[in-house]
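Novice: got a predicted structure here, sequence first:
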Amino acid sequence: MKPVYAALAASTALTLPAMTQAAQITLDTDMRRYGGEDAYLAYYITDANGKYVRHLWLASGKSRWWDSLSSWYAATQGSSSEIAGLSGASVGSGRSLSVTVDVEDALINAGYQIRVDAAVEHMPRSPAEIIVPLTDAAAGQPVAGRGYIATFTFDM
């Protein structure tokens, strides 16, 4: 039994550092003033062609409205396994949201993008409202939204 434990410990020691190489990224979103309910926001990473890679954060209190986040929902089918531990409350008009997430180092400066879908109940949807390259050069640079988001910035 002892050789099995030694092999397990050695393999864990060799693989754990590779699995944990991630940067903490802070996503800052300032909402425009608009008349309506709180906005749902889906933050996710895509490749350069817009193909979904992985989820970052979901600001939404009600799963019944997730399909309004149309690009994100089409990629994930609203799977709760995609957002496990990565969700919070929706964001109101004129308010701000700041969350910190882990992103694998391999995705930074490698052609990937951060995208944000926005939706407000009974109002027009805003898929891919924010598209910003996941690069050192784009970090800290405010990006204007096309609808409900006034500005979005990420920092590493």
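Specialist: On my side now, so go ahead.
Novice: what are the buried residues along the helix or strand hosting residue 74?
Specialist: Assigned by DSSP states H and E, residue 74 belongs to helix 70-76. Of all the residues in helix 70-76, those buried under the rule 16 or more other CB atoms under 10 Å are 70-73, 75-76. Where you see a C-beta, it was placed from the backbone N, CA and C, and this is true even at glycine.
Novice: what mean pLDDT does that helix have?
Specialist: Averaged over helix 70-76, pLDDT sits at 94.
Novice: same check on stretch 36-52?
Specialist: For stretch 36-52, mean pLDDT rounds to 96.
Novice: can you give me the helices for this protein?
Specialist: Assigned by DSSP state H, the helices in the chain fall at 2-19, 70-76, 80-83.
Novice: just how off-centre is the second one within its chain?
Specialist: Right, the one you point to is helix 70-76. Counting by CA atoms, centre = their mean, to the nearest Å, helix 70-76 is centred 12 Å from the centre of its parent chain.
Novice: kindly report the same for the shortest one.
Specialist: Taking CA atoms, centre = their mean, one finds the center of helix 80-83 at 12 Å from the center of the full chain.
Novice: can you pull the buried residues of that helix?
Specialist: 82-83.
Novice: could you list every helix and strand in contact with it?
Specialist: Using 3 or more CB pairs under 8 Å, 6 or more residues apart in numbering; DSSP states H and E as the contact test, the elements touching helix 80-83 are strand 52-59.
Novice: tell me which strands the strand it packs on pairs with, and in which orientation.
Specialist: Strand 52-59 pairs in its sheet with strand 39-46 (antiparallel), strand 87-88 (parallel), by DSSP bridges.
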